[in-house]
Every structure is written in C-alpha cells, then in structure tokens.
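Enquirer: coords please:
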Amino acid sequence: MLDDARTAAPTSMPVLARGRHRTPRTGACFMEMASYLAGERWSDHPACTHPLLARLARDVNDRTSDTGRARLGRLVPSVVGLHDDDPATDVRLALLCTAAALPVSAMERQHALAVALLAGEEVLAHLEGRSGGEPSEAARAALARVPGAAAWARRFTETTGPRARAGHRGGGAADRWVRGYLRHGAPSAVSLSVAGVAGACGVDADALLHDLLVDAVALVRGDRDPAAAPAPDRWAEACRLSAAGRR
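Expert: Model prediction:
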C-alpha cells in the first residue's frame, strides 16, 4: 500500500497547481514535482515515470479542485522511477480508468467510455494470445450499471474490433489495430475517463480521482517494492519552491 513507511512523504507538502510551469518558482504540477524529485530537467513529461501513468497523473492534477489537489502531493514520490515496458500494462491502465469512470460519468460520455472499455478488453485478449470472450469481472460490473450504453457499444465493436478486422483483412490488420490502440486509444481512454469522473454529479470527484491514481500506481508497481521516500533535503526544497511559486 502507498501508506508504507518507505513511501511516506514528510509532513510538509508541495503546493501543486494546474497546468505547466516554466520553473518551480512559477508553480508546479504533479509530474513537474516528480521530475524535480528524480533529479531530471524540469518537465511535466519526465523520463522517470511510465508515460501513460504520467498522463493520468497530469490529468488528475489538472481536473482535481484546488482543495482536493492538496491531497495529491504525498503521492508524487510513488511515481518516481516507476516503469513497465509491457504493452499490456498500458491496456490495463486504460481499463482501470474506464471501468472506474463509466458508471459515474454523464450519459453523453458513456457510449465512448463503454466502447473504450470493450476495445481495451479485446486488445488485452489479443496481447495475451486469448480468443477473447466475455470481458473481465471489473468490466462486466461497470457495463452492467449502464446497460443502454453497454448494448450500444457491443453493437459498435462487433464491426470495428481487432478480431473483426482480422477476419476481414488478415491477422496483420489486428496487429496494426492494437498498435494504434496503444498509441492513441489508451491515452484517449485515460483522459476521457478522468474528465468523466471530474464532471460526475453526486459523487466526491476529488476522492475518486485520488483513489484512481493510487490504484494506477499499484497496478504499474505490481509486486515490486515501493519506491524509497525522497531525500528530506530535496523534498523540503521542492516544497519551498512550489510554495514560493504560488505567492
């Protein structure tokens, strides 16, 4: 769990803000703070974190309210040095996000999210060498809460999924579809999911976004040990600079 003492951040927290910032003195978003703690060049796209996880962190940072964003600071060290080269990890991240967002999102987003969920399940089956079949338990539970969107998405994906394309154009078409999903579909699904949660009514969107990021970190980390807590002096300097940038 992220509450492990090895990942516990000091009492003081960095002051996070929306968007990109030229230097720490003008503010810091979640991933910019991660780049600083990793000792990299100041950037919201640092090399220290799995790219799709970093995208999720940027989106959560920007879609969370100013009050809720204060809770995110303690999670920054958990993404530093976190990588996974398995393409299936990207798919699982996208599926985690879409399954969480689909049941709470507004109706105008549900069709796209349901399609993204079914497409991700099909891509994952392809990567794992499975023939497909029923979606995962998490996907079925999410789809069951929006039966209208689920039925529409199933009809839509029958003619556009990788297996359908492979049947009409050969196996190479399915491989190209999967590559396209990894490059465009998974990032789009993550951003659409965060937007859906942030715009949901009747829920604590800040809490859901926070927990989604926690779950995503755990997914990428897998069974590996959590990252070590940042050096106290570097953490203290990061907090001081980000606070100065908000004055």
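Enquirer: got the domain boundaries for this protein?
Expert: Here the domain assignment for the chain is 24-82+228-245, 87-220, based on automatic domain parsing.
Enquirer: can you put those in a markdown table and add mean neighbour count, distance to Ala17 and mean pLDDT?
Expert: Any C-beta I mention is one placed from the backbone N, CA and C, and that applies to glycine too. A markdown table is the format used below for the domains of the chain (neighbours: other Cβ atoms under 10 Å; distance: least, Cβ to Cβ, whole Å; pLDDT from 0 to 100):
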| stretch | mean neighbour count | distance to Ala17 | mean pLDDT |
| --- | --- | --- | --- |
| domain 24-82+228-245 | 20 | 4 | 85 |
| domain 87-220 | 18 | 15 | 89 |
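Enquirer: Dump these to JSON lines, plus distance to Val15.
Expert: Putting those into JSON lines (distance: least, Cβ to Cβ, whole Å) gives the following:
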{"stretch": "domain 24-82+228-245", "distance to Val15": "4"}
{"stretch": "domain 87-220", "distance to Val15": "16"}
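Enquirer: Just the element for Ala153, please.
Expert: helix 147-157 (DSSP states H and E).
Enquirer: Ala150 - nearest residue in space that isn't next to it in sequence?
Expert: Leu143 (3.9 Å; Cβ to Cβ, 6 or more residues apart in numbering).
Enquirer: Then that neighbour would be within a helix, right?
Expert: Yes. Under DSSP: H, G, I helix; E, B strand; the rest coil, Leu143 falls within a helix.
Enquirer: what's the spacing between the closest residue to Leu127 other than its chain neighbours and Gly68?
Expert: Closest residue to Leu127 apart from its sequence neighbours, by Cβ to Cβ, 6+ apart: Ala88 at 4.9 Å. As judged by Cβ to Cβ, to the nearest Å, Ala88 and Gly68 stand 31 Å apart.
Enquirer: cool, and His111?
Expert: The value you get for His111 to Gly68, if Cβ to Cβ is used, is 28 Å.
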